[in-house]
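missing the sequence, but the structure's below:
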């Protein structure tokens, strides 16, 4: 791999070379080496796609030396490791200096296409920013980040990537649920890959300190434009270019939020230090894809009280973060107040355009229909409908459906068994897990014209408790089919478009947990199986076990 380490070459670094906890000033990074664990690292999984991005022969990832390097136990020729210095607002409160507490960037690889990719080891030891932590990561969190990074790429969402996940052979103490139950878990390192890991908080910290440190902001803006927004070099130098930069960051962030909402993805920790200046999904911590649709869903245990970063509140949180970025640029004299405010208006416009367009596609429509969508989302909440499976089911429903074919409308389409509906009319024996009321509700739903695959995505206990929901679903389906008929798009074409907007496979939390438990026991087949399935989330993949959907 060919390294060209511009970040450390062109930007000011920490003059103190010792790796000790401290406040780092007048610098955007601290040079620091990974800390070997003294144990024998091993490969858990790697992404052949990311290896190819780096011009790295995938077979190299299977050599013993690879795990040594990617765990931080051996140096990588050409690298110049460092930890980035930044601050951030955490849950709306300024937290001061944060920085890469357990992430060490090795350097920047330039591939044969001229693309620049930073390699970063997460969990490779302490840095000057580790605060009271140990700088390590566990198998659980590393697998979650590795899988999510590659799954989001396949889903078409801007994201950091992951080259590999390696076990360190060492143990790490963690309190998973923050309840005082500390236990030792297997240590691991994930190699994250992105054009840049600069965050909103990288611009905020110098401004918060004031004085000459504010000059770091303009230096950083110029660096990011030069290497990552180079098309803006055609814009006249100075304030006009900086406003164009802010505007594009805001637009990218708006589109990112729109994509998250359309997929039912919840990041969980949208602090300003977790916001990418490139508009990428970054820092996969307690993220989650919704199962049952719940606008207040959050996967973050520490956010259960205020739910600041719940699904419903994600767009507003991202917008607030954009305002904080604009404030930093304004305070540093990079942009003017009125121009910054104008640039910020682009967030809502981009977010809604992206979201509405994607949701229209998920409904098989060429143009958005807000009343139709809102009625559907309301029914989904009331029915505790699986977010992913509901939209995937709609992508298999013909515009006109003969009543005699209703119960078998999902035949040949790999109907999922992960939803809470049950194929009762097709089952040889009633399932023990369902009550008489739920069986009656299922029969009534099928008789009312609700296709089996859609029924599988609904919670039978909700239909049994509120039978009127069945009529509401039936009525909504009639109106929806009427809209499809108005647009006169052939079913085959319409369904294909819907399926490309409505994934069948996402890395659900319980699937990740299966993979984690197997990996912790030394079996990495489940990690690789889930990775392989998530490579083609929009394909039907009929041979895949139904547990994955």
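Looks like it came in fine. What you see is a predicted model; the values in this text were computed from it and never measured.

rest of the way, CA atoms for contacts and neighbours
Fine.

so how far does stretch 378-393 reach from one end to the other?
17 Å (C-alpha to C-alpha, to the nearest Å).

Quick check: residue 507 is in a helix.
No. Looking at residue 507 with DSSP: H, G, I helix; E, B strand; the rest coil, it is coil, so not inside a helix.

Does it touch residue 289 like I think?
Yes. Because the distance of 7.2 Å satisfies C-alpha atoms under 8 Å, residue 507 is recorded as touching residue 289.

buried stuff in the lengthiest strand in the chain?
In the chain, assigned by DSSP state E, the strand with the most residues is strand 161-174. For strand 161-174, the neighbour count (16 or more other C-alpha atoms under 10 Å) marks 161-172, 174 as buried.

which other residues reach that strand?
The contact list for strand 161-174, computed with C-alpha atoms under 8 Å, 6 or more residues apart in numbering, reads 37, 39-48, 50-51, 67, 70-71, 136-139, 142-143, 145-146, 149-150, 153, 182-194.

Could you check the angle the helix or strand following that strand makes with strand 161-174?
Counting by DSSP states H and E, the next helix or strand C-terminal to strand 161-174 is strand 183-194. Strand 183-194 and strand 161-174 are oriented at 160 degrees to each other (axes from the mean of the first three to the mean of the last three C-alpha atoms, to 10 degrees).

which strands and helices sit next to the next helix or strand after strand 183-194?
Sequence-wise, the next helix or strand downstream of strand 183-194 (DSSP H and E) is helix 200-209. Other elements packing on helix 200-209 under the criterion 3 or more C-alpha pairs under 8 Å, 6 or more residues apart in numbering; DSSP states H and E are strand 87-90, strand 93-97, helix 215-228, helix 314-331.

Measure how far helix 200-209 is from the centre of its chain, please.
What separates the centre of helix 200-209 from the centre of its chain is 24 Å, taken as C-alpha atoms, centre = their mean, to the nearest Å.

how distant is the longest strand of the chain from the center of its chain?
20 Å.

What of stretch 261-277?
With C-alpha atoms, centre = their mean as the basis, the mean position of stretch 261-277 lies at 7 Å from the chain mean.

Equivalent analysis for stretch 472-490, please.
Using C-alpha atoms, centre = their mean, the offset of stretch 472-490 from its chain centre is 32 Å.

With stretch 102-116 instead?
So, by C-alpha atoms, centre = their mean, the centroid of stretch 102-116 is 21 Å from its chain's centroid.

Stretch 37-48 too?
Stretch 37-48 sits 23 Å away from the centroid of its parent chain (C-alpha atoms, centre = their mean).

Could you tell me the end-to-end distance of it?
End-to-end distance (C-alpha to C-alpha), stretch 37-48: 26 Å.

and the closest residue to residue 205 other than its chain neighbours, what does it touch?
Spatial nearest neighbour of residue 205, excluding adjacent residues (C-alpha to C-alpha, 6 or more residues apart in numbering): residue 87 at 4.8 Å. Residue 87 makes contact with 95, 96, 97, 98, 99, 201, 202, 204, 205, 273, according to C-alpha under 8 Å, 6+ apart.

and residue 83, which of the three is it?
Looking at residue 83 with three-state DSSP, the answer is strand.

switch to numbering from 496
Shifting the count to begin at 496 puts that one at residue 578.

can you count the residues close to it?
Neighbourhood size, residue 578 [other C-alpha atoms under 10 Å]: 28.

The longest strand of the chain pairs with which strands, and in what direction?
Partners of strand 656-669 in the sheet, by DSSP bridges, are strand 537-541 (antiparallel), strand 678-689 (antiparallel).

neighbouring contacts of the shortest one?
If I follow you right, that is strand 537-541. Applying C-alpha under 8 Å, 6+ apart, the contact partners of strand 537-541 are 556-557, 559, 562-563, 657-664, 1014, 1019, 1022-1023.

which residues are contacting stretch 969-989?
Contacts to stretch 969-989, defined as C-alpha under 8 Å, 6+ apart, come from residues 859, 860, 861, 867, 870, 871, 893, 894, 895, 943, 944, 945.

can you tell me the average pLDDT over it?
What stretch 969-989 shows for mean pLDDT is 97.

tell me which residues of it are tucked away?
Quick answer for stretch 969-989 (16+ other C-alpha under 10 Å): 969, 971, 972, 975, 976, 978, 979, 986, 989.

Using JSON lines, lay out those together with distance to residue 955.
What follows is the buried residues of stretch 969-989, written out as JSON lines (distance: C-alpha to C-alpha, whole Å):
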{"residue": "969", "distance to residue 955": "15"}
{"residue": "971", "distance to residue 955": "18"}
{"residue": "972", "distance to residue 955": "18"}
{"residue": "975", "distance to residue 955": "22"}
{"residue": "976", "distance to residue 955": "24"}
{"residue": "978", "distance to residue 955": "27"}
{"residue": "979", "distance to residue 955": "27"}
{"residue": "986", "distance to residue 955": "29"}
{"residue": "989", "distance to residue 955": "29"}
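
would a markdown table of these with secondary structure and distance to residue 816 be doable?
A markdown table is the format used below for the buried residues of stretch 969-989 (DSSP: H, G, I helix; E, B strand; the rest coil; distance: C-alpha to C-alpha, whole Å):
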| residue | secondary structure | distance to residue 816 |
| --- | --- | --- |
| 969 | helix | 41 |
| 971 | helix | 37 |
| 972 | helix | 39 |
| 975 | helix | 37 |
| 976 | helix | 40 |
| 978 | helix | 38 |
| 979 | helix | 38 |
| 986 | helix | 42 |
| 989 | helix | 37 |
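
of all those, which comes closest to residue 723?
For the buried residues of stretch 969-989, the residue nearest residue 723 by C-alpha to C-alpha is residue 989; the value is 36.9 Å.

Quick check: the gap between the nearest residue to residue 683 once chain neighbours are set aside and residue 569.
In this structure, residue 683 finds its nearest non-sequential neighbour in residue 662, 4.1 Å apart by C-alpha to C-alpha, 6+ apart. Separation of residue 662 from residue 569 (C-alpha to C-alpha) stands at 14 Å.

what number of residues lie near residue 507?
Other residues within reach of residue 507, judged by other C-alpha under 10 Å, total 16.

scratch that, residue 709
Residue crowding around residue 709 was assessed by other C-alpha under 10 Å; the count is 22.
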